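**Student:** Here you go, sequence then predicted model.
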Amino acid sequence: MLASCAAPKNELFVVDHLPSGVAERYRETFNEACFDVDAEGNVNVVLRQEQPFPDDPGRTLLQIVHVRSFWKPIPGVTVAHDRQINAVVRYAVYDGRSGACFEGAGSAFFRDKRDGRTLVGELGLVCLSPKARLNEGRAIFERAELSGRFTALRDPRRVTRWRNELEGWFALDDRNALSLAAP
């Protein structure tokens with residue numbers, strides 16, 4: 001039997017700061033969450049949610065969030081708070097014909113469970129802005145904050161596949177990603 005990347009209660013919260021000064025709040029749940037750790041110890045987490053399109057049940061709305069850490073805070077040794085910057089995040093919404101991708105940076109915290117296959121994480125505060133649009137995809141928000149919690153299972157293949165899927169829709173790659181690490 002194949003292992004699933006289903007994870008309990010993967011919840012992200014978006015606060016959309018509108019030009020009018022009003023802040024709209026959204027809660028999104030993701031039924032799949034996987035992670036991998038690269039050779040340098042950086043964590044890649046991908047959250048994925050596929051659901052029928054609200055206005056047309058024949059179409060599918062797909063959301064993918066990719067969190068890529070570039071250093072790991074160690075409580076008691078390094079500064080660790082929800083306003084630090086230690087991760088780059090991409091958030092994409094795609095309906096099969098059009099979509100929008102947002103990118104930003106913020107804080108991410110991860111804790112391995114004892115089984116070695118499960119990672120519990122939290123996004124403290126990630127500031128997002130539009131990165132790319134596809135075929136008239138609308139920029140769902142212009143300036144937003146993302147936070148939330150997730151539990152991901154180790155699955156390097158799915159992480160790679162979902163990252164490639166996201167990058168392929170919007171012709172993105174890590175060379176044009178937001179880069180905050182020192183050269």
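**Tutor:** Good, I have the coordinates.
**Student:** List the neighbouring strands of the helix or strand of the chain with the lowest mean pLDDT plus their orientation.
**Tutor:** Within the chain, no helix or strand scores below strand 6-17, which has a mean of 81 by mean pLDDT, DSSP states H and E. On the basis of DSSP bridges, the sheet neighbours of strand 6-17 come out as strand 23-37 (antiparallel), strand 144-154 (antiparallel).
**Student:** Against residue 54, how distant is the spatially closest residue to residue 97 that is not a sequence neighbour?
**Tutor:** Distance criterion Cβ to Cβ, 6 or more residues apart in numbering; nearest residue to residue 97, sequence neighbours excluded, is residue 135 at 5.7 Å. Backbone N, C-alpha and C define where each C-beta goes, glycine included. Distance from residue 135 to residue 54, counting by Cβ to Cβ, to the nearest Å: 19 Å.
**Student:** same question, residue 89
**Tutor:** 24 Å.
**Student:** before we move on, what about residue 147?
**Tutor:** 24 Å.
**Student:** what about the two, which has more around it?
**Tutor:** The residue with more neighbours, out of residue 147 and residue 54, is residue 147; 17 against 8, by other Cβ atoms under 10 Å.
**Student:** who does the more buried one bridge with?
**Tutor:** residue 13.
**Student:** Tell me if I'm right that it and residue 123 touch.
**Tutor:** Yes - Residue 147 is within contact range of residue 123, at 5.2 Å (criterion: Cβ atoms under 8 Å).
**Student:** which SS state does residue 84 fall under?
**Tutor:** coil (DSSP: H, G, I helix; E, B strand; the rest coil).
**Student:** what pairs with residue 92 across the strands?
**Tutor:** Bridge pairing for residue 92 - DSSP bridges - gives residue 64, residue 101.
**Student:** number of nearby residues for residue 96?
**Tutor:** Applying other Cβ under 10 Å, we find 12 residues neighbouring residue 96.
**Student:** isn't it right next to residue 52, touching?
**Tutor:** No - look at residue 96 against residue 52 with Cβ under 8 Å: they stay out of range, at 11.7 Å.
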